[in-house]
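Enquirer: need a structure here:
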Amino acid sequence: MKLLSEQKFLKRGTTLEETLQGIKLIALDVDGVLTDGRIGYGGTADEIKFFYVRDGSGVTMLRRAGIFVGIISGRRSRANQTRAAELKLDFLVEECWNKWESLLNIAREKGVSPNECLFIGDDMIDGGALANAGIGIAVGDAAEAVLPAADLQTDAFGGHGAVRETAEWLLKAQGKWEMQLRHYHIPGHEPTI
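Expert: Sure, this is the predicted structure:
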């Protein structure tokens, strides 16, 4: 994870570390974040998208840790809907052209302040949400033009572990990583009886 700017935190009179502790909701773009941005078409009208399984595991760990996770996408797709249902996401907003406004509405519904939200995006349509959420994270291969709106950038590319990288980073910062290791019975981290 690479720090791009601390200006947002300085303006709020806080730090990145303090903001991290309060994150309660994560909103994800789909194309270019949960996928590598490619869209395929077969013999039907349905789109074909490929999702990285470890990103899904990261989402599951975040939700298990009590963090709301969902999708805000500019596109409507059966693939988005299927993946959201499979991961039991807390929200799914499609055909969204103002992602910051949608994020504000979702935060209000969930009883979370905008500063307690983290948004992950990759392109221009994500700029408002990246710039205004508590923490805005651009994926490793995000469009250059959107980077000034983000606070951080993942090492991993969209659809190739950027969401998982963010999940591990946040869970470690919030002291919730050990709980995940115990859940999966990782040697040396067995659950206490």
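Enquirer: Residue 137 in helix, strand or coil?
Expert: strand (DSSP: H, G, I helix; E, B strand; the rest coil).
Enquirer: give me the number of residues near it?
Expert: When counting by other C-beta atoms under 10 Å, one arrives at 29 neighbours for residue 137. No exception for glycine: its C-beta is placed from N, CA and C like everyone else's.
Enquirer: can you give me the strands for this protein?
Expert: Taking DSSP state E as the criterion, the chain contains strands spanning 2-3, 25-28, 40-41, 47-48, 68-72, 91-93, 117-121, 135-138, 152-153.
Enquirer: So for residue 34, which of those strands sits nearest?
Expert: strand 25-28 (5.8 Å; C-beta to C-beta).
Enquirer: you'd agree residue 39 is up against residue 50?
Expert: No - using C-beta atoms under 8 Å, residue 39 makes no contact with residue 50, being 9.9 Å away.
Enquirer: want to throw the strands of the chain into JSON lines with distance to residue 62 and mean pLDDT?
Expert: Shown next, in JSON lines, are the strands of the chain (distance: least, C-beta to C-beta, whole Å; pLDDT from 0 to 100):
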{"stretch": "strand 2-3", "distance to residue 62": "21", "mean pLDDT": "96"}
{"stretch": "strand 25-28", "distance to residue 62": "6", "mean pLDDT": "98"}
{"stretch": "strand 40-41", "distance to residue 62": "28", "mean pLDDT": "80"}
{"stretch": "strand 47-48", "distance to residue 62": "25", "mean pLDDT": "81"}
{"stretch": "strand 68-72", "distance to residue 62": "5", "mean pLDDT": "98"}
{"stretch": "strand 91-93", "distance to residue 62": "13", "mean pLDDT": "97"}
{"stretch": "strand 117-121", "distance to residue 62": "10", "mean pLDDT": "98"}
{"stretch": "strand 135-138", "distance to residue 62": "13", "mean pLDDT": "98"}
{"stretch": "strand 152-153", "distance to residue 62": "16", "mean pLDDT": "98"}
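Enquirer: what would those strands look like in CSV with distance to residue 82?
Expert: Putting those into CSV (distance: least, C-beta to C-beta, whole Å) gives the following:
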stretch, distance to residue 82
strand 2-3, 32
strand 25-28, 15
strand 40-41, 15
strand 47-48, 11
strand 68-72, 12
strand 91-93, 11
strand 117-121, 20
strand 135-138, 25
strand 152-153, 29
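Enquirer: out of those, nearest to residue 81?
Expert: strand 91-93 (6.7 Å).
Enquirer: Summarise which helices and strands the closest one is packed against.
Expert: Secondary-structure packing of strand 91-93 (3 or more C-beta pairs under 8 Å, 6 or more residues apart in numbering; DSSP states H and E): strand 68-72, helix 78-86, helix 99-110.
Enquirer: what's the least confident stretch among the ones you listed?
Expert: Here the lowest mean pLDDT among the helices and strands packed on strand 91-93 goes to helix 78-86, at a mean of 93.
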